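Undergrad: after the sequence you'll find the predicted model.
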Amino acid sequence: GAVVSQHPSRVICKSGTSVKIECRSLDFQATTMFWYRQFPKQSLMLMATSNEGSKATYEQGVEKDKFLINHASLTLSTLTVTSAHPEDSSFYICSALLAEETQYFGPGTRLLVL
Amino acid sequence: GDSVTQMEGPVTLSEEAFLTINCTYTATGYPSLFWYVQYPGEGLQLLLKATKADDKGSNKGFEATYRKETTSFHLEKGSVQVSDSAVYFCALSDRAGGTSYGKLTFGQGTILTVHP
(Lines give C-alpha, C1' and ligand atoms only; values in the text may rest on other atoms or scores of the structure.)
Protein backbone atom coordinates (compact mmCIF):
# COMPACT_ATOMS: atom_id res chain seq x y z
CA GLY A 1 0.00 0.00 0.00
CA ALA A 2 0.87 3.67 -0.10
CA VAL A 3 3.36 5.05 2.41
CA VAL A 4 3.07 8.10 4.63
CA SER A 5 6.00 9.17 6.77
CA GLN A 6 6.22 11.49 9.74
CA HIS A 7 9.23 13.28 11.11
CA PRO A 8 10.32 13.34 13.81
CA SER A 9 9.01 10.18 15.40
CA ARG A 10 9.70 11.54 18.85
CA VAL A 11 10.51 15.02 20.13
CA ILE A 12 11.13 16.51 23.55
CA CYS A 13 11.05 20.27 23.92
CA LYS A 14 10.98 22.94 26.59
CA SER A 15 7.82 24.78 27.48
CA GLY A 16 7.39 27.91 25.37
CA THR A 17 9.23 26.65 22.30
CA SER A 18 7.69 25.69 18.96
CA VAL A 19 7.85 22.30 17.35
CA LYS A 20 7.31 21.40 13.71
CA ILE A 21 6.09 17.96 12.62
CA GLU A 22 6.27 16.91 8.97
CA CYS A 23 3.91 14.55 7.19
CA ARG A 24 4.90 13.27 3.75
CA SER A 25 3.14 11.04 1.26
CA LEU A 26 6.04 9.16 -0.30
CA ASP A 27 4.53 7.55 -3.36
CA PHE A 28 1.37 9.47 -4.16
CA GLN A 29 0.10 13.02 -4.25
CA ALA A 30 -2.40 14.07 -1.63
CA THR A 31 -4.56 17.14 -2.01
CA THR A 32 -5.98 16.48 1.43
CA MET A 33 -4.22 15.45 4.61
CA PHE A 34 -5.58 15.12 8.12
CA TRP A 35 -4.01 15.73 11.51
CA TYR A 36 -5.13 13.74 14.55
CA ARG A 37 -4.23 13.77 18.19
CA GLN A 38 -4.29 10.66 20.34
CA PHE A 39 -4.26 10.69 24.12
CA PRO A 40 -3.16 7.62 26.08
CA LYS A 41 -5.73 4.84 25.91
CA GLN A 42 -8.08 7.06 23.96
CA SER A 43 -9.22 7.37 20.42
CA LEU A 44 -7.82 9.48 17.61
CA MET A 45 -9.34 12.94 17.62
CA LEU A 46 -9.38 14.86 14.35
CA MET A 47 -7.72 18.24 14.77
CA ALA A 48 -7.82 19.67 11.27
CA THR A 49 -8.11 19.01 7.58
CA SER A 50 -5.20 20.24 5.52
CA ASN A 51 -5.82 21.13 1.88
CA GLU A 52 -2.98 21.84 -0.52
CA GLY A 53 -2.81 25.47 -1.48
CA SER A 54 -5.51 26.66 0.90
CA LYS A 55 -6.11 27.27 4.57
CA ALA A 56 -6.64 24.34 6.86
CA THR A 57 -10.05 23.64 8.32
CA TYR A 58 -9.94 23.19 12.08
CA GLU A 59 -12.32 21.15 14.19
CA GLN A 60 -14.30 22.81 16.91
CA GLY A 61 -12.21 23.50 19.98
CA VAL A 62 -8.83 23.34 18.21
CA GLU A 63 -6.87 26.58 18.38
CA LYS A 64 -5.71 27.46 14.88
CA ASP A 65 -3.14 29.94 16.19
CA LYS A 66 -1.69 27.26 18.43
CA PHE A 67 -1.56 24.49 15.86
CA LEU A 68 -0.36 25.97 12.58
CA ILE A 69 -0.84 23.81 9.52
CA ASN A 70 0.84 24.36 6.19
CA HIS A 71 0.17 22.19 3.14
CA ALA A 72 2.54 23.76 0.64
CA SER A 73 2.87 20.84 -1.76
CA LEU A 74 0.97 17.73 -2.77
CA THR A 75 3.30 15.54 -0.73
CA LEU A 76 3.99 17.57 2.40
CA SER A 77 1.93 18.96 5.25
CA THR A 78 3.42 20.40 8.42
CA LEU A 79 1.96 20.90 11.87
CA THR A 80 3.66 23.47 14.07
CA VAL A 81 2.80 23.49 17.75
CA THR A 82 3.53 27.05 18.80
CA SER A 83 4.56 28.03 22.31
CA ALA A 84 4.17 24.47 23.44
CA HIS A 85 3.10 23.67 26.99
CA PRO A 86 3.02 20.40 28.91
CA GLU A 87 -0.68 19.94 28.14
CA ASP A 88 0.25 19.78 24.44
CA SER A 89 2.19 16.57 25.09
CA SER A 90 0.53 13.90 23.04
CA PHE A 91 0.78 11.55 20.08
CA TYR A 92 0.16 13.35 16.79
CA ILE A 93 -0.82 11.33 13.73
CA CYS A 94 -1.28 12.46 10.15
CA SER A 95 -2.99 10.78 7.25
CA ALA A 96 -3.11 11.43 3.53
CA LEU A 97 -6.21 10.96 1.44
CA LEU A 98 -5.59 8.96 -1.73
CA ALA A 99 -9.15 8.56 -2.93
CA GLU A 100 -12.58 9.52 -1.61
CA GLU A 101 -12.48 7.20 1.38
CA THR A 102 -8.97 5.80 1.34
CA GLN A 103 -6.59 7.26 3.90
CA TYR A 104 -3.04 6.21 4.62
CA PHE A 105 -1.67 6.97 8.05
CA GLY A 106 1.75 8.01 9.23
CA PRO A 107 3.38 6.20 12.16
CA GLY A 108 2.84 9.14 14.49
CA THR A 109 4.99 11.63 16.42
CA ARG A 110 5.33 11.52 20.18
CA LEU A 111 5.64 15.04 21.60
CA LEU A 112 6.75 15.62 25.18
CA VAL A 113 6.83 19.18 26.47
CA LEU A 114 8.81 19.69 29.66
CA GLY B 1 -22.94 14.43 15.91
CA ASP B 2 -21.36 11.23 14.71
CA SER B 3 -19.90 8.80 17.21
CA VAL B 4 -18.45 5.29 17.38
CA THR B 5 -18.47 3.05 20.43
CA GLN B 6 -16.25 -0.03 20.72
CA MET B 7 -16.22 -2.71 23.34
CA GLU B 8 -13.70 -1.98 26.02
CA GLY B 9 -10.52 -3.93 26.11
CA PRO B 10 -8.05 -5.21 26.49
CA VAL B 11 -8.99 -8.52 24.96
CA THR B 12 -6.72 -11.49 25.64
CA LEU B 13 -7.15 -14.73 23.72
CA SER B 14 -5.34 -17.95 23.08
CA GLU B 15 -4.21 -18.78 19.57
CA GLU B 16 -6.99 -20.26 17.38
CA ALA B 17 -9.72 -18.77 19.54
CA PHE B 18 -12.72 -16.95 18.08
CA LEU B 19 -12.61 -13.17 18.14
CA THR B 20 -15.44 -10.66 18.30
CA ILE B 21 -14.94 -6.94 18.87
CA ASN B 22 -18.21 -5.06 19.06
CA CYS B 23 -18.72 -1.71 17.38
CA THR B 24 -21.83 0.45 17.24
CA TYR B 25 -22.27 3.86 15.69
CA THR B 26 -24.48 6.90 15.42
CA ALA B 27 -24.45 9.03 12.30
CA THR B 28 -26.57 11.72 10.75
CA GLY B 29 -26.06 10.65 7.14
CA TYR B 30 -25.23 7.41 5.36
CA PRO B 31 -21.80 6.46 6.63
CA SER B 32 -19.15 4.15 5.35
CA LEU B 33 -17.73 1.94 8.08
CA PHE B 34 -14.14 0.86 8.61
CA TRP B 35 -11.92 -1.27 10.77
CA TYR B 36 -8.33 -0.08 11.12
CA VAL B 37 -5.50 -1.99 12.79
CA GLN B 38 -2.41 -0.56 14.44
CA TYR B 39 0.48 -2.95 14.96
CA PRO B 40 3.12 -2.01 17.54
CA GLY B 41 5.29 0.82 16.29
CA GLU B 42 3.38 1.24 13.04
CA GLY B 43 0.74 3.55 11.62
CA LEU B 44 -2.92 2.66 11.30
CA GLN B 45 -3.73 0.38 8.38
CA LEU B 46 -7.09 -0.19 6.80
CA LEU B 47 -8.24 -3.72 7.61
CA LEU B 48 -11.63 -3.74 5.93
CA LYS B 49 -14.55 -1.53 5.06
CA ALA B 50 -18.21 -1.55 4.04
CA THR B 51 -20.00 1.27 2.30
CA LYS B 52 -23.68 0.36 2.54
CA ALA B 53 -26.14 -1.65 4.58
CA ASP B 54 -25.67 -5.45 4.51
CA ASP B 55 -22.24 -5.15 2.89
CA LYS B 56 -19.63 -7.47 4.35
CA GLY B 57 -16.03 -6.36 4.48
CA SER B 58 -13.36 -9.02 4.76
CA ASN B 59 -9.58 -9.25 4.80
CA LYS B 60 -6.95 -11.55 6.30
CA GLY B 61 -9.65 -13.77 7.79
CA PHE B 62 -11.41 -10.87 9.49
CA GLU B 63 -15.01 -10.03 8.65
CA ALA B 64 -17.53 -7.36 9.56
CA THR B 65 -21.08 -6.82 8.31
CA TYR B 66 -22.73 -3.41 8.05
CA ARG B 67 -25.98 -3.75 10.04
CA LYS B 68 -28.09 -0.66 9.62
CA GLU B 69 -30.95 -1.98 11.76
CA THR B 70 -28.70 -2.38 14.78
CA THR B 71 -26.21 0.37 13.76
CA SER B 72 -23.40 -2.10 14.26
CA PHE B 73 -20.22 -3.25 12.51
CA HIS B 74 -18.79 -5.99 14.70
CA LEU B 75 -15.37 -7.42 13.82
CA GLU B 76 -14.96 -11.20 13.83
CA LYS B 77 -12.27 -13.76 13.11
CA GLY B 78 -12.70 -17.47 13.43
CA SER B 79 -9.18 -18.36 14.53
CA VAL B 80 -6.78 -15.69 15.75
CA GLN B 81 -3.01 -15.88 15.54
CA VAL B 82 -0.29 -14.35 17.69
CA SER B 83 0.47 -12.01 14.79
CA ASP B 84 -3.03 -10.51 15.13
CA SER B 85 -2.01 -8.86 18.38
CA ALA B 86 -2.59 -5.15 17.79
CA VAL B 87 -4.97 -2.28 18.49
CA TYR B 88 -8.18 -2.31 16.46
CA PHE B 89 -10.17 0.82 15.70
CA CYS B 90 -13.69 1.02 14.36
CA ALA B 91 -14.41 4.19 12.38
CA LEU B 92 -16.99 5.84 10.22
CA SER B 93 -16.94 8.36 7.43
CA ASP B 94 -20.22 10.17 7.08
CA ARG B 95 -21.43 11.20 3.67
CA ALA B 96 -23.56 14.30 3.89
CA GLY B 97 -25.48 14.69 0.69
CA GLY B 98 -23.84 11.60 -0.74
CA THR B 99 -20.32 13.04 -0.70
CA SER B 100 -17.62 11.83 1.62
CA TYR B 101 -15.05 14.37 2.61
CA GLY B 102 -12.82 11.71 4.08
CA LYS B 103 -13.20 12.78 7.67
CA LEU B 104 -13.13 9.82 10.02
CA THR B 105 -14.70 9.43 13.43
CA PHE B 106 -12.94 6.75 15.47
CA GLY B 107 -13.92 4.50 18.31
CA GLN B 108 -11.65 4.34 21.32
CA GLY B 109 -9.69 1.33 20.11
CA THR B 110 -9.47 -2.20 21.48
CA ILE B 111 -6.16 -3.79 22.41
CA LEU B 112 -5.99 -7.44 21.37
CA THR B 113 -3.32 -9.76 22.74
CA VAL B 114 -3.10 -13.32 21.45
CA HIS B 115 -1.03 -15.85 23.40
CA PRO B 116 0.50 -18.99 21.88
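TA: Cool, got the structure.
Undergrad: is chain B within reach of the longest strand along chain A?
TA: For chain A, the longest strand by residue count, based on DSSP state E, is strand A:90-99. Yes. Counting by CB under 8 Å from any CB of the partner chain, chain B is contacted by strand A:90-99 at A:93, A:95, A:97. Every residue, glycine included, has its C-beta placed from N, CA and C.
Undergrad: looking at those residues, which is nearest residue A:55?
TA: Nearest to residue A:55 among the residues of strand A:90-99 next to chain B: residue A:97, at 16.9 Å, using CB to CB.
Undergrad: which non-adjacent residue is nearest the closest one?
TA: On the basis of CB to CB, 6 or more residues apart in numbering or on different chains, the spatially nearest residue to residue A:97 that is not a chain neighbour turns out to be residue A:32, at 4.2 Å.
Undergrad: state the distance from that neighbour to residue A:24.
TA: In this view, residue A:32 and residue A:24 are 14 Å apart by CB to CB, to the nearest Å.
Undergrad: how about residue A:92?
TA: Distance from residue A:92 to residue A:24, counting by CB to CB: 14 Å.
Undergrad: of the two, who's got more company?
TA: Looking at residue A:92 and residue A:24 with other CB atoms under 10 Å in any protein chain shown, you find the greater number of neighbours at residue A:92, namely 23 against 19.
Undergrad: what about the spatially closest residue to that one that is not a sequence neighbour, distance to chain B?
TA: Once flanking residues are discounted, residue A:92 sits nearest to residue A:109: 4.8 Å by CB to CB, 6+ apart. Counting by CB to the nearest CB, to the nearest Å, the gap from residue A:109 to chain B is 11 Å.
Undergrad: returning to what we had before: residues contacting the residue nearest to residue A:97?
TA: A:49-52, A:96-97, B:102 (CB atoms under 8 Å, 6 or more residues apart in numbering or on different chains).
Undergrad: just the element for the residue most central in space within chain A, please.
TA: Nearest to the geometric centre of chain A sits residue A:35, at 3.8 Å (CA atoms, centre = their mean). When elements are assigned from DSSP states H and E, residue A:35 belongs to strand A:32-38.
Undergrad: low-confidence ranges, chain B, go.
TA: Applying pLDDT under 70 to chain B picks out residues B:95-101.
Undergrad: sorry, back to before: adding neighbour count, write the contacts of residue A:32 out as a markdown table.
TA: Formatted as a markdown table, the entries for the contacts of residue A:32 read as follows, by neighbours: other CB atoms under 10 Å in any protein chain shown:
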| residue | neighbour count |
| --- | --- |
| A:49 | 19 |
| A:50 | 28 |
| A:51 | 17 |
| A:52 | 16 |
| A:96 | 29 |
| A:97 | 23 |
| B:102 | 19 |
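Undergrad: ok, which pair from those is furthest apart?
TA: Comparing all pairs in the contacts of residue A:32 by CB to CB, the longest separation belongs to A:52 and B:102, at 13.6 Å.
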